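S.K.: Predicted model and sequence below, questions to follow.
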Amino acid sequence: MPTVQHLIEGGWSTESGPKAPTLVRGEQTISVPWLVTAENIIYLRDGWFQKMPGAANVNGTATGASDHVNGIFDYWRSGIAGTPVQQRVIYSGTQVYTESSGTLTSIATGLTASLRPWFEVMNDLLVIAFSGNTAPRSWDQTTFQNLAGSPPNFAFHVNHKTRMFAAGVATNQSRLYYTVVDNPANWTGAGSGSIDVYPDDGDVITGIWSHQNELIIFKGPNRGRIVRLTGSSPSDFALVPQLRGVGGVNQQSILNAGGDLVFWDNLGIHSLAATDRFGDYAPSFISDPIAGYFNEQLSHNRFVFVWGINSAAKGYALWTVSRAGATTNDAILLWDYRFTPARFALWPAYAVASLAMVVDTSSEPTPWAGTYTGRVMRMNRAARDVAGTAYSASVLWPYLAYGNASDEKTIQAGRVSIAPKGETTFTLGWQRDGATQQTASVNQAGTSTLGASSDQFTLDNLTSGVLGGGRFIGRHVPQMEGTFQELQIQMTQGTLDVDFECHGFELDLSGAGLARAPLAG
């Protein structure tokens, strides 16, 4: 049996089992159709994986050691001159702050802590709503105050067709409210009003979103319902039933990705894709690969605290989640929609209350995260640490038989293709049937040469060479040996500020005939 190459053709799946069928892709190329574990990684365009980027604290001083940073918003105001002015707004503890160069400045005090905020801008005015039957606030980058115009105490809102729509009012939880035209601070004048959305169906409005010229209304959390509001004014507003049995858990979990709305309910994660067929939408589960994990390992009681963002430049969405038994969010779920089917990964290195996309000082939209300790973190950092704390990237394949599972095979050697990361290592593990996993430490250093390569200006040496961006190297693993019927591979890297980037794996195998019994011990 000659050298076998591998292709990673799927992401994290909890539904596919510990063993995969042998799928041949070309001559001596084996498919890895899913991953049993995919923790603290991102996927690369060639299908392989890399240790996820790190995060650094934005504010040098915490707002309070136990403050929950429950909301972050990137507020741009055009003003009369038409030159946009940016203010990064942060709700932490009982205050609202602005951030500049790592310094937080309080613009509001005396708020209730740990509420769930929502932010929206209309006519240059930032409107902030809160859960908990709290009066909405407004800020124009000068004056922070209660929102004018006698608004209800709504929990979330959206700018749709020149009106502000809102819901989540404690005394009328199935009622949708709207302002007059072009004025987010007028909720009682001519042209304002409200619409009751199936008030007796056992659910409440949990989210609203302006999508493709309609307002999509989500109800939950029990049976669930999706309703569309058509029309442009009170004279032609109309509720169009969309679907019963699927709804939403909260406003913060909804996001737009690739022109689709992606949202959560207690059944799973869904996509509401626009289609010309019947002038309707087609809902579908996108969490199917991790359905068991979603239903059994996540805390559904805390789904109201899920917060999602779309990192469009990276091609993936992120959601904060609480695993079973957790009292705060203790992981991030990644959904990479560049692949077909899309791929999931779990980032347990993060324990954050909120997420936001912020145009950073580099002018790049960057994910920011709010912690439970009064700090904001800037994500997508090159250093592989989360605010100075190490984390471990781990990828575990399903067992592969490399042909007939009854036949015994012998490993002659292994080879891993990586991007050099200097004088560092990662761990390669292999488990032969039921035997104890064997491991080898694999060096990630490059070569000591300035010879011809794809990047003539790249120097990578064995002692200090961390520059290897234009080159890839293969690392032979002579320690890999032994017989097996089915084989499982694992790769891990958990050292502080050490990256790991894998682009291939090969095995040199030989056949040993029909096995008498699988390995154990």
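M.R.: Received it, and whenever you're ready, just let me know what you need.
S.K.: residue contacts, the residue most central in space within the chain?
M.R.: The residue lying closest to the centre of the chain (Cα atoms, centre = their mean) is residue 318, at 1.3 Å. Residues in contact with residue 318 (Cβ atoms under 8 Å, 6 or more residues apart in numbering) are 308, 309, 311, 332, 333, 334, 335, 347, 355, 367. Where C-beta positions appear, they are placed from N, C-alpha and C, glycine not excepted.
S.K.: and with 7 Å instead?
M.R.: With contact taken as Cβ atoms under 7 Å, 6 or more residues apart in numbering, residue 318 is in contact with 308, 309, 311, 332, 334, 355, 367.
S.K.: what is the fourth one paired to in the beta sheet?
M.R.: Assessed by DSSP bridges, residue 332 has beta-bridge partners residue 320, residue 347.
S.K.: The second one now?
M.R.: Going by DSSP bridges, residue 309 is paired in beta bridges with residue 318.
S.K.: Next secondary structure after the helix or strand bottoming out on mean pLDDT in the chain?
M.R.: Counting by mean pLDDT, DSSP states H and E, the chain has its least confident helix or strand at strand 281-285, which shows a mean of 58. Per DSSP states H and E, strand 281-285 leads on to helix 291-296 as the next helix or strand towards the C-terminus.
S.K.: And that following helix, what's buried?
M.R.: Across helix 291-296, burial judged by 16 or more other Cβ atoms under 10 Å covers 291, 293, 294.
S.K.: now swap in stretch 90-99 and tell me
M.R.: 90, 91, 92, 93, 94, 95, 96, 97, 98, 99.
S.K.: now the residues you listed as a markdown table including distance to residue 172 and pLDDT?
M.R.: Formatted as a markdown table, the buried residues of stretch 90-99 follow (distance: Cβ to Cβ, whole Å; pLDDT from 0 to 100):
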| residue | distance to residue 172 | pLDDT |
| --- | --- | --- |
| 90 | 30 | 98 |
| 91 | 25 | 98 |
| 92 | 30 | 98 |
| 93 | 30 | 98 |
| 94 | 27 | 98 |
| 95 | 29 | 98 |
| 96 | 26 | 98 |
| 97 | 32 | 98 |
| 98 | 33 | 98 |
| 99 | 35 | 97 |
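S.K.: remind me which residues of the stretch 151-300 of the chain are low pLDDT?
M.R.: Along the stretch 151-300 of the chain, segments meeting pLDDT under 70 span 274-284.
S.K.: repeat that with 90
M.R.: Low-confidence segments of the stretch 151-300 of the chain (pLDDT under 90): 242-243, 258-259, 272-285.
S.K.: Please, where are all the strands along it?
M.R.: Secondary structure of the stretch 151-300 of the chain (DSSP state E, counting those that start in this stretch): strands at 156-160, 163-167, 175-178, 193-196, 204-211, 214-220, 225-230, 238-244, 255-257, 260-265, 268-274, 281-285.
S.K.: tell me the most buried of those?
M.R.: Of the strands of the stretch 151-300 of the chain, the one with the most neighbours on average (mean count of other Cβ atoms under 10 Å) is strand 163-167, at a mean of 28.
S.K.: What helices and strands are in contact with that one?
M.R.: Judged by 3 or more Cβ pairs under 7 Å, 6 or more residues apart in numbering; DSSP states H and E, the packing partners of strand 163-167 are strand 156-160, strand 175-178, strand 204-211.
S.K.: From the chain's centroid, how far away is stretch 213-233?
M.R.: 24 Å (Cα atoms, centre = their mean, to the nearest Å).
S.K.: Read off the pLDDT value for residue 456.
M.R.: At residue 456, the model reports a pLDDT of 39.
S.K.: what comes up buried for stretch 130-148?
M.R.: Using 16+ other Cβ under 10 Å as the test for burial, stretch 130-148 gives 130, 131, 134, 136, 137, 138, 139, 141, 144, 147.
S.K.: Pull the residues that contact it.
M.R.: Residues outside stretch 130-148 that contact it (Cβ under 7 Å, 6+ apart) are 77, 85, 87, 96, 107-108, 112, 115-117, 124-129, 151, 153-155, 170, 185.
S.K.: Mind checking which of those are buried?
M.R.: For these, buried by 16+ other Cβ under 10 Å: 77, 87, 96, 107-108, 115-117, 124-129, 151, 153-155, 185.
S.K.: so of these, which ones are in strands?
M.R.: 77, 87, 96, 107, 108, 117, 125, 126, 127, 128, 129 (DSSP state E).
S.K.: possible to save the buried residues of stretch 130-148 as a markdown table with secondary structure and distance to residue 48?
M.R.: As requested, the buried residues of stretch 130-148 are exported to a markdown table (DSSP: H, G, I helix; E, B strand; the rest coil; distance: Cβ to Cβ, whole Å):
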| residue | secondary structure | distance to residue 48 |
| --- | --- | --- |
| 130 | strand | 43 |
| 131 | coil | 41 |
| 134 | coil | 47 |
| 136 | coil | 47 |
| 137 | strand | 47 |
| 138 | strand | 48 |
| 139 | strand | 45 |
| 141 | coil | 45 |
| 144 | strand | 48 |
| 147 | coil | 49 |
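S.K.: a markdown table for those residues, including distance to residue 411 and pLDDT?
M.R.: Output for the buried residues of stretch 130-148, formatted as a markdown table (distance: Cβ to Cβ, whole Å; pLDDT from 0 to 100):
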| residue | distance to residue 411 | pLDDT |
| --- | --- | --- |
| 130 | 59 | 98 |
| 131 | 56 | 97 |
| 134 | 63 | 96 |
| 136 | 64 | 98 |
| 137 | 64 | 98 |
| 138 | 66 | 98 |
| 139 | 64 | 98 |
| 141 | 64 | 97 |
| 144 | 66 | 98 |
| 147 | 67 | 98 |
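S.K.: Farthest pair within the residues you listed?
M.R.: 131 and 141 (24.6 Å; Cβ to Cβ).
S.K.: Which among the helices and strands packed on strand 163-167 is found nearest to residue 189?
M.R.: Comparing these by Cβ to Cβ, strand 175-178 comes nearest, at 11.4 Å.
S.K.: For that closest one, which helices and strands make contact with it?
M.R.: strand 163-167, strand 193-196.
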